[in-house]
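[1] Show me how the following folds:
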Amino acid sequence: MKRNLAFAFAFVPTSLFAQTGSDIFLVDMKISKASVSISNPVNITHHPGYDNQPFFHADQPVIYYSSFNDDGRADIRSYNYRTGETRAITQTQEREYSPTLTPDKKFLSCIIQRDSGAQDLGKYPVGGGEPIVLIDHLIIGYHAWIDQHRLILFILGKPPTLHVYDLAAGEDKVIAENTGRSLHKIPGKNAMSFVHEVSDKEWSIKKLDSNTLAVSVLAPTLPGREDLTWTRDGKIIMCDGENLFFNEPGKSNGWILIRIESGADMLKGVTRLAASPDGKKLALVVAEH
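    Numbers count the residues shown, from 1 in each chain. Model (predicted):
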């Protein structure tokens, strides 16, 4: 696996050997105890090329995402869905991927891909500025914050591995092998989720207890799929390429179809997803048409 393309990979069946054009659509979402529906899709990027990896601010109407510039290098942008304003957070000679709001809400952590092939973890002030490098000795593909000092990391290798990294103590612990790129904090729980490729035909969504680091199974993924997001009430949303589904771990209902009340023709081939913390919006990455 080439290190300078590592961010594009997770499991071989869904990997791409080049970054293809994509747009981010924002939809309204309604969640009830037994159903989820979406409507009113709006293309918030309107930009030829790669726009991907959306991440919602914790309490502001803002989405952060990675976007290719004219030179094919990825920068971080923000979109305010109340005002419609798009801003450039970074404009660098590096490539920034996977913008993620830090727990203190003061920074955007991200993967900084360098021309040398290194993929470091750094953070930029949310208003823009110079980065602070957090980890520069691992080839990091993806990350998510457990708390102020700890993260879970998807580390590239053969096989790829899931790590828990303590920035304060400098401790690095390997949790599992053959894991995927979709890493999340589980709403309302002191736990994280990740996708584990148990075998070629069996992929599972698993829970990592943030205190004990014990791992347990939550649900199977949709066949051949790994991208997911969590709603505030504990539902998992995934797409099979044509339709969106939700699953409530611990219940026996399996994957339930999400109603698309308008604009279904615009939402084909969804990959990455992100749900807003208030449960009212869903961001969907769709291939350019």
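[2] drop to CA atoms for contacts and neighbour counts, all remaining ones
    Will do.
[3] just the strands in the stretch 151-289 of the chain please.
    161-166, 171-177, 184-185, 191-197, 203-209, 215-220, 229-230, 236-239, 244-247, 256-257, 259-260, 270-275, 281-287 (DSSP state E, counting those that start in this stretch).
[4] Packing partners of the fifth one?
    Read it as strand 203-209. Helices and strands touching strand 203-209, by 3 or more CA pairs under 8 Å, 6 or more residues apart in numbering; DSSP states H and E, are strand 191-197, strand 215-220.
[5] Alpha carbons of it, as PDB, please.
    The C-alpha trace of strand 203-209 is given here as PDB (Å, rounded to 0.1, in the frame of the first residue of the first chain):
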ATOM      1  CA  TRP A 203     -17.900  -6.800   8.900                       C
ATOM      2  CA  SER A 204     -19.100  -5.700  12.400                       C
ATOM      3  CA  ILE A 205     -19.700  -2.400  14.100                       C
ATOM      4  CA  LYS A 206     -18.000  -2.700  17.500                       C
ATOM      5  CA  LYS A 207     -18.000  -0.700  20.700                       C
ATOM      6  CA  LEU A 208     -14.800   0.200  22.600                       C
ATOM      7  CA  ASP A 209     -15.400   1.100  26.200                       C
END
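[6] tell me the average confidence for it?
    Regarding strand 203-209, the rounded mean pLDDT is 97.
[7] quick one: contacts of that strand?
    Contacts of strand 203-209 from elsewhere in the structure, counted by CA atoms under 8 Å, 6 or more residues apart in numbering, are 190-198, 214-221, 223-224, 226.
[8] Pull out the buried members of those residues.
    191-197, 215, 217-221, 224, 226 (16 or more other CA atoms under 10 Å).
[9] so what's residue 105 up against?
    So residue 105 contacts 58, 126 (CA under 8 Å, 6+ apart).
[10] try 10 Å
    The neighbourhood of residue 105, defined by CA atoms under 10 Å, 6 or more residues apart in numbering, consists of 57-59, 125-126.
[11] Among those residues, which pair sits farthest apart?
    Taking CA to CA, the two most distant members of those are 59 and 125; they sit 16.6 Å apart.
[12] Show me which of these two is the more surrounded one.
    When residue 59 is set against residue 125 and neighbours are counted by other CA atoms under 10 Å, the residue ahead is residue 125, at 18 against 10.
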